[in-house]
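>>> Everything below, folded, please.
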Amino acid sequence: MKILPTLEGGLRIDAEDPGDWTLLQGITHDAISCDKKLAARLGNLITDEDVAPDWQEYVVPDLEEAFHADLTHIASAIASAHVECGGGPGPLWITTEDAGQWYSALNQARLALEEIHHFGPAESLQPADLPPPSRNAFLRSQFYCAIQSLLLEYVMR
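Residues are numbered from 1 along each chain as shown. Take a look at the predicted model:
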């Protein structure tokens with residue numbers, strides 16, 4: 001897989017084989033892999049008794065709706081690009097207009113993987129010491145982080 005900035009200010013992801021498409025489809029799968037949705041997990045961090053009920057009632061549903069919309073958009077973009085390429089090599093475009101949705105989806109995936117596997121700081125982690133499922137999840141998380149970095153550097157200025 002290759003990821004390059006475009007002249008229009010977006011990113012072009014060139015999937016080179018079926019494994020690349022599987023990795024990209026993993027973004028949305030990873031994002032929803034926790035037992036509890038991200039909006040609810042964030043809501044549980046609000047412990048002030050005066051604020052928590054309002055947060056749960058008003059903020060969490062809106063967050064959940066926004067997170068779901070971002071994941072739906074990304075899943076659709078990946079599926080459409082995959083179909084257009086006939087499942088083989090081909091491009092997936094991230095435009096300036098949908099960069100925020102991509103960033104959100106990647107962040108949701110990374111947060112879910114952290115919640116499940118408890119990696120902690122990447123600097124102190126030795127991937128080779130992790131069991132294979134956690135090692136694979138860590139590598140996906142690092143891949144998602146790399147795309148987020150490219151989005152910040154080239155698209156979301």
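>>> Can you tell me the element Ile116 falls in?
Element membership for Ile116 (DSSP states H and E) is helix 99-117.
>>> Sorry, slip of the keys, the one I care about is Ile46.
For Ile46, there is no enclosing helix or strand under DSSP H and E.
>>> what sits against it?
Neighbouring residues of Ile46 by Cβ atoms under 8 Å, 6 or more residues apart in numbering: 52, 55-56. Using the backbone N, CA and C atoms, a C-beta is placed for each residue, glycine as well.
>>> Out of those residues, which sit inside helices?
Ala52 (DSSP state H).
>>> most neighbours, which of the contacts of Ile46?
Trp55 (17 neighbours; other Cβ atoms under 10 Å).
>>> ok, so what distance separates the residue lying closest to that residue once chain neighbours are set aside from Val60?
Leaving aside its chain neighbours, Trp55 sits nearest to Ile46 (4.4 Å; criterion: Cβ to Cβ, 6 or more residues apart in numbering). Look at Ile46 and Val60: by Cβ to Cβ, to the nearest Å, they are 9 Å apart.
>>> Next: Glu49.
Glu49 is 16 Å from Val60, by Cβ to Cβ.
>>> which of these two has more neighbours?
Neighbour count, other Cβ under 10 Å: between Glu49 and Val60, Val60 has more, with 20 against 7.
>>> Now do the same contact list for that one.
Counting by Cβ under 8 Å, 6+ apart, Val60 touches 39-40, 42-43.
>>> Whichever of the residues you listed end up buried, select them in PyMOL.
Selecting only the buried entries of the contacts of Val60 in PyMOL, with 16 or more other Cβ atoms under 10 Å as the criterion:
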select buried, resi 39+42+43
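>>> now stretch 86-102, how far from the chain's geometric center?
Remark: stretch 86-102 is offset 13 Å from the chain centroid, using Cα atoms, centre = their mean, to the nearest Å.
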